[in-house]
Each structure stands twice: as C-alpha cells, then as structure tokens.
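[1] predicted model, plus sequence, below.
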Amino acid sequence: MSPLTDPLPAPQAPDAVAVGWYVRLARHELGRGPYLDVGGTDGALLAGLARYGSASGLAATEEEAAELRAGAPGCPVVVDIGLLPGPVRALTAVVVLDRLPDDALDSDVGPGGWWRALEPGGRALVVAADADGRARELLGPRWPTPPVPRGHARIRELLVDAGFAIVREGSDGLSRGPYGRVPVGLDPRAAPAAAQRSAGRLTLAPGSGESAVFVVRRPG
C-alpha cells in the first residue's frame, strides 16, 4: 500500500482549522447574524458561530439534528424551516451540496430552502468540493470523491438558478493533501491556502484548491 496511490478518505466534517476559517469568513462576509448553519455534520461550525451572535441549526433529519445539538449545546436546531422564529440575516452551508442530489435542491436544506430562510439582502457562505479543481487534478484517482461531485461552474449555476446573486467566489486552496511525496505542511503549493486561512479572508481564485467557496446574497 502506498500513500501516493491509496485513495484519500471520503470527505468528513471540516477540521478545526477549516472551521475556524469558516467562522472568520462568516463574520467578515455575512455580518453579525443571527446565523443559521444548514446541514452541519458535527456542530463545530454552529458552536463557533454562536460565540459571536445568535445561531441556530437546520438539519435534514432528526438524527442529524441530534448530532448538531450534541456538538453545539444550547443552540436550537430544527428540521423544518417553518419552525424557525423568522428569516435570518446570515446562513452557512458547508459540504451540504456534496451530498445533495439535484432533485433535492429545493428542499429545506438545499439552495431553495436557503433562499426561503434568508431575509431579503441576507447572505450565505457556501462551501462544496470542487470536482474540477486543482486538488482533483493533482490527486487523480486519490481525490476523495463526495457522494454528489460537482465542479465550481456547476455549483455557481445552481446558486444563480436558485435566485442568488454572487457576491464573492474563490477556493480554499490546496489545504488537505498530501499532493505528492512532500508532506502538505512542507509543500510550497499549500502555502497560499495557509495564508488565506490565517487572514480569515477569501483571496484564492476559483478552481485553485479542494473546494469551491461562495458568498451569495438574496436580492432585496
């Protein structure tokens, strides 16, 4: 077995460094909330957002809701947009599209639901694996394919079709790896991603990394 030929693990919940970056991005790009974290896998992002404003979660199932509540104690989590007290100003949807087929895009946890949950003028941070990105190019068959792979252009199209205006778009960069024989921490190709995370901003070009990253706005 070789680390250069074995497939990498399937996408999991974002690591702590990624979650920290998402929280900083949300604060910078979305404002102070109230926040709604959609489809969170372990509650870490929801808990991080709750440190800076009112935050609640929206899950697809009661099982996922229980996981969110366990990871973010004290944060309300619902499985139906209709149970929210009202529209929110800021929404996060990290790796949600990675597991959402086209026929579920109008569900509460899909872009159609995000539109309904946001107040006019509200913003969302959307992160999804980029099937056409540089990471997949470098990793080839080792790329950890999500259940529903889509490229940056297709993800953008879905967001626009749902009615969102694109405020900002980019990439998380080469942040996972390894992409060769050099450990990712020593790989100069990973330096831009590390710098972006440290800055807490979105500066890298679309297609340059692991995931597509969008800041979108509900017009109004």
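    Arrived safely. Just so it is clear, the structure is predicted and the values come from calculations on it, not from any experiment.

[2] just the buried residues of the strand or helix carrying residue 127, please?
    Under the criterion of DSSP states H and E, residue 127 resides in strand 118-129. Across strand 118-129, burial judged by 16 or more other C-beta atoms under 10 Å covers 118, 122-129. Where you see a C-beta, it was placed from the backbone N, CA and C, and this is true even at glycine.

[3] right, and the helix or strand after it?
    helix 134-139.

[4] quick one: mean pLDDT for that next one?
    Across helix 134-139, the average pLDDT comes to 96.

[5] list the buried residues for that helix?
    134-136, 138-139.

[6] pick out the most distant pair among those.
    Between any two of the buried residues of helix 134-139, the greatest separation by C-beta to C-beta is 9.5 Å, found for 134 and 139.

[7] quick one: strands adjacent to the strand holding residue 127?
    strand 88-94 (parallel), strand 211-217 (antiparallel) (DSSP bridges).

[8] using JSON lines, lay out these together with mean pLDDT.
    JSON lines is the format used below for the strands paired with strand 118-129 (pLDDT from 0 to 100):
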{"stretch": "strand 88-94", "mean pLDDT": "97"}
{"stretch": "strand 211-217", "mean pLDDT": "98"}
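
[9] I'd like the ones you listed laid out as JSON lines, including distance to residue 55 and mean neighbour count.
    Converted to JSON lines, those look like this (distance: least, C-beta to C-beta, whole Å; neighbours: other C-beta atoms under 10 Å):
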{"stretch": "strand 88-94", "distance to residue 55": "9", "mean neighbour count": "25"}
{"stretch": "strand 211-217", "distance to residue 55": "18", "mean neighbour count": "25"}
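
[10] in CSV: those strands, plus distance to residue 105.
    Below are the strands paired with strand 118-129 laid out as CSV (distance: least, C-beta to C-beta, whole Å):
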stretch, distance to residue 105
strand 88-94, 12
strand 211-217, 14
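
[11] bridging residues for residue 128?
    residue 212.

[12] ok, and the closest non-adjacent residue to the most centrally placed residue in the chain?
    Nearest residue to the geometric centre of the chain (C-alpha atoms, centre = their mean): residue 94, 2.1 Å. Of all residues not flanking residue 94 in the chain, residue 127 sits nearest, at 4.5 Å (C-beta to C-beta, 6 or more residues apart in numbering).

[13] give the buried residues for stretch 98-116.
    Quick answer for stretch 98-116 (16+ other C-beta under 10 Å): 98-100, 105, 108-115.

[14] nearest to residue 51 among those residues?
    Using C-beta to C-beta, the buried residues of stretch 98-116 come closest to residue 51 at residue 114, 22.4 Å.

[15] mind giving me the packing neighbours of the top helix by length along the chain?
    In the chain, taking DSSP state H as the definition, the longest helix is helix 16-30. Contacts defined by 3 or more C-beta pairs under 8 Å, 6 or more residues apart in numbering; DSSP states H and E place helix 16-30 against helix 44-50, strand 88-94, strand 118-129, helix 191-199, strand 211-217.

[16] I am finished for the moment; much appreciated.
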